[in-house]
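[1] For reference, the sequence and a predicted model appear below.
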Amino acid sequence: GALCYDAGLSVNMDYGPSGAIGGSGANGLAPADALKNTFSYSSAVKGYDSNSGPGQPIPIAMNNSYTGLLGMINPNLDAGYPVILGLVRYGLDGKTQVAGHEIVCDGYGFNLQVRYHHLNMGWGGVDDLWYSLDTIETTPDYDAVYQCVYNIRPTGTGEMVSGRVTGLNGIPIAGVQVSASVDPPPPPPTIPLPVRDSTNDRGIYAFRDSFFNQFLGSNTSYIVCAGRSGYFFQPHPQSLYTT
């Protein structure tokens, strides 16, 4: 109970009478500040669509790539870190926000090429299910994801980048050593060690802060290289922006 109390206090939660509609509420992005300032996390990033304005949904993906909501969620899940999502329900005009809910997203997967995310709704296990975003079919439904708190880590401040290595047949390859090096490299003696990871049984790798305190910096270009005996991989350039 003490942890729940402190968590609510840290985000200035408003509480109403028991059973009241909208019995509690807070700014959906407040956990980012609370995690860093109250609970001493080193990183927590606020995500929303600055182009559409407050209360509007975050595009799932832009240009068929991980640049919208998926770019916030999936690299974190690949690295083993959950994210916080803010759900919104609109009125009859499809624009006015009438309700919201804050949840935890802790996994994703595919079924028949349809992407699903596992959402913990915070209702004692009720409706903790796999959802195809933005279809949040609860009772009542939520219309969209409009806020996201991601890159939540107790230590480390680098960008979170992940990827998947497959063969020409589309089958994932496990045990591939993947590294990211600054491109072009800075002059000696400041050349940093590359950030490394290896693919799991699903071919997924995720760059995170390493044991040598190496991390992917913002607004930096990298060259991603992969290697495994018996395979040949082309280097892949990657440019990062600021989250």
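    Happy to help now that I have it.

[2] CA only for contacts and neighbour counts going forward, please
    OK.

[3] Identify all contacting residues around the worst-scoring helix or strand of the chain on mean pLDDT.
    Ranked by mean pLDDT, DSSP states H and E, the helix or strand of the chain with the weakest confidence is strand 24-25, at a mean of 78. The contact list for strand 24-25, computed with C-alpha atoms under 8 Å, 6 or more residues apart in numbering, reads 13-16.

[4] Take those and lay them out in CSV including neighbour count.
    Shown next, in CSV, are those (neighbours: other C-alpha atoms under 10 Å):
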residue, neighbour count
13, 15
14, 13
15, 13
16, 12
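
[5] need the next SSE after the helix or strand hosting residue 108, C-terminal direction.
    Using DSSP states H and E, residue 108 falls within strand 97-111. Next in sequence after strand 97-111, counting helices and strands by DSSP H and E, comes strand 114-120.

[6] Just the mean pLDDT for that next one, thanks.
    Averaged across strand 114-120, pLDDT comes to 94.

[7] nearest residue to the residue nearest the centre of the chain other than its sequence neighbours?
    Against the mean C-alpha coordinate of the chain, by C-alpha atoms, centre = their mean, the closest residue is residue 73 at 2.5 Å. Closest residue to residue 73 apart from its sequence neighbours, by C-alpha to C-alpha, 6 or more residues apart in numbering: residue 83 at 6.4 Å.

[8] wait, that neighbour sits on residue 120?
    No. Using C-alpha atoms under 8 Å, residue 83 makes no contact with residue 120, being 10.6 Å away.

[9] Show me whatever sits in contact with both of those two.
    Common contacts of residue 83 and residue 120 (C-alpha under 8 Å, 6+ apart): 104-106.

[10] Please parse this protein into its domains.
    2-153, 161-239 (automatic domain parsing).

[11] show me where pLDDT drops low in this structure?
    Within the chain, the ranges that satisfy pLDDT under 70 run 18-22, 53-54, 62-66, 184-193, 209-214, 241-243.

[12] if I look at the residue nearest to residue 73, how far off is residue 234?
    According to C-alpha to C-alpha, to the nearest Å, residue 83 stands 32 Å off from residue 234.

[13] So for the two, which sits in the more crowded spot?
    Set residue 83 next to residue 234 and count neighbours by other C-alpha atoms under 10 Å: residue 83 wins out with 23 against 9.

[14] Distance-wise, check the more buried one relative to residue 113.
    Applying C-alpha to C-alpha, the value for residue 83 to residue 113 is 23 Å.

[15] now residue 90
    Between residue 90 and residue 113 the computed distance is 29 Å (C-alpha to C-alpha).

[16] Those two: which has the busier surroundings?
    It is residue 90, of residue 90 and residue 113, that has more neighbours when counted by other C-alpha under 10 Å, with 18 against 7.

[17] Now do the residue nearest to the more buried one when sequence neighbours are not counted against residue 55, distance only.
    Nearest residue to residue 90, sequence neighbours excluded (C-alpha to C-alpha, 6+ apart): residue 97, at 4.6 Å. Applying C-alpha to C-alpha, the value for residue 97 to residue 55 is 7 Å.

[18] and those two? which has more neighbours close in?
    residue 55 (21 against 16).

[19] In contact with the residue lying closest to residue 35 once chain neighbours are set aside, which residues?
    Leaving aside its sequence neighbours, residue 35 sits nearest to residue 41 (C-alpha to C-alpha, 6+ apart; 5.4 Å). Each residue near residue 41 by C-alpha under 8 Å, 6+ apart is listed here: 35, 152-155.

[20] Then residue 78?
    Applying C-alpha under 8 Å, 6+ apart to residue 78 gives the contacts 162, 204-206.
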